[in-house]
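S.K.: here is my input; please provide its structure:
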Amino acid sequence: MNGLFALGSNGSGQLGIGHKEDVSVPKQVEYEDDIPEDEIAQISAGGNHTIILTKSGKVYWAGDSSTGACGVVENADMETSKFRELVVSISGSIGPAAHVACTWDSSVFVLKDADDKATQVYTCGAAETGAANTDVPPINARASVLLSNFPPTGTEVRSLAAGFRHIVAVLDNGDVYGWGNGRKGQLGEIDGTADLKGIIHRPRKITGIPFKVAKAVCCQYATCLISEPGDGRIFVLGADKWGLKSTAPIEIPNWNMISASWGCIYILQRNGTLVAWGRDDHGQLPPPGLPELESIAAGSEHVLALSRNGEALTWGWGEHGNCGPTSESIGDVKGRWNTLASPKHLPEGSKITLVGAGCATSWINIITIDGLFL
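M.R.: Reported below is the predicted structural model:
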């Protein structure tokens, strides 16, 4: 059993801590029903909603469901400040979830089929953004939709990423597809495939990539693609604001993990050092002197990192308390980092297993040596 703790922006209850006030110290999340029995694998967050994915494929949500981004909800305009199990669809046979990604006001879920392949792609939420749409929008624009004829026969979705209002899916054959708002070029060349607003309404293969893609991450209006570790070639699509394209390295062969905020791209190398480029007006780029890192998670304008000595670190724009208590009025943690949690201050045998970051929200998963949550 896991103890998930959250802090930051909470105006819609998206932290799932039982109320709707911002907090600057980690608070344990609450559940409407039973606490998940298996380990949390991923935390994905939109503007005002949060999705939790467990390793067994169960999905939970908290926050604002009014856009439809939280799946099938009895009261379509409800907000909840406690996590509850998410229902992707009430039709057909629904398998466990393999991947989830959130735009500002929609969510995309990839479920496993009867052959245990990640092939069932459901979109939920604000269809007018294009991030959750099909050729013919459903009668209820907030209903969940199973995308037809995607991914192509014989392939499955390997990973999923989302920006402000665009989605990118990487397939197991190295192809990459995108849909949603491509007006800034974040989905590649869109000649003849987008509407007048630059929105692509169906998954479309992104062409012109000179390598098989291993992973994609999305900034607000840009997409970064990277090839397999050992090769590590990098290709950035979209807006070049903050030098996201023009200052990108050609390759980082020894990469281990990649993440992106709205204006920065972060690549964690196998030796625990972090390479990053992009926006830095609120201290979003890594501060000097960081210890070796085990994992990273970038939010909209801040980063959480798990150090190799087991501490949860954070830096960047913490206006809503998402970077912990700060001394600056605008919440910047710039040129330094805050330690949000450390084994030194936890019960003996405790371990931080996961960090997550969303739209001014931060997440830390802690377990004890006997598996009990704190």
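
S.K.: V110: what's it in contact with?
M.R.: Shown in contact with V110 (C-beta atoms under 8 Å, 6 or more residues apart in numbering): A97, A98, H99, V100, A118, T119, Q120, V121, Y122, V157, L160, A169. The way it works is simple: take the backbone N, C-alpha and C, and place the C-beta from them, glycine included.

S.K.: mind running it again at 10 Å?
M.R.: The contact partners of V110, by C-beta atoms under 10 Å, 6 or more residues apart in numbering, come to 95, 97-101, 117-122, 147, 151, 156-160, 169.

S.K.: try L111
M.R.: By C-beta under 10 Å, 6+ apart, the contact set of L111 is 57, 59, 88-89, 93-100, 117-122, 146, 157.

S.K.: 6 Å instead?
M.R.: G95, A97, Q120 (C-beta atoms under 6 Å, 6 or more residues apart in numbering).

S.K.: gap between the last one and N48?
M.R.: When distance is defined by C-beta to C-beta, to the nearest Å, Q120 is 26 Å away from N48.

S.K.: same thing with the first one?
M.R.: Per C-beta to C-beta, G95 is found 28 Å from N48.

S.K.: list the buried ones in the longest strand that the chain contains?
M.R.: In the chain, with assignment by DSSP state E, the single longest strand is strand 332-341. Residues of strand 332-341 classed as buried: D332, V333, K334, W337, N338, L340, A341 (neighbour count, 16 or more other C-beta atoms under 10 Å).

S.K.: which of the contacts of V110 fall in strands?
M.R.: Per DSSP E, those map to strands at 97-101, 118-122, 157-160, 169.

S.K.: can you list the weak-confidence ranges in the stretch 101-250 of the chain?
M.R.: For the stretch 101-250 of the chain, the stretches flagged by pLDDT under 70 are 127-142.

S.K.: distance of S56 from I90?
M.R.: Per C-beta to C-beta, S56 is found 21 Å from I90.

S.K.: so which residues of the stretch 251-374 of the chain form helices?
M.R.: Ranges of helices in the stretch 251-374 of the chain, per DSSP state H, counting those that start in this stretch: none exist.

S.K.: of G95 and N48, which one has the most company?
M.R.: When G95 and N48 are compared for neighbours, N48 comes out ahead with 24 against 19, by other C-beta atoms under 10 Å.

S.K.: phi, psi of the more buried one?
M.R.: Here is the backbone geometry of N48 (degrees, to the nearest 10): phi -140, psi 20.

S.K.: may I see the buried residues of strand 332-341 organised as a markdown table, with pLDDT and distance to A248 added?
M.R.: Below are the buried residues of strand 332-341 laid out as a markdown table (pLDDT from 0 to 100; distance: C-beta to C-beta, whole Å):
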| residue | pLDDT | distance to A248 |
| --- | --- | --- |
| D332 | 94 | 25 |
| V333 | 95 | 25 |
| K334 | 95 | 23 |
| W337 | 97 | 24 |
| N338 | 97 | 28 |
| L340 | 97 | 29 |
| A341 | 95 | 32 |
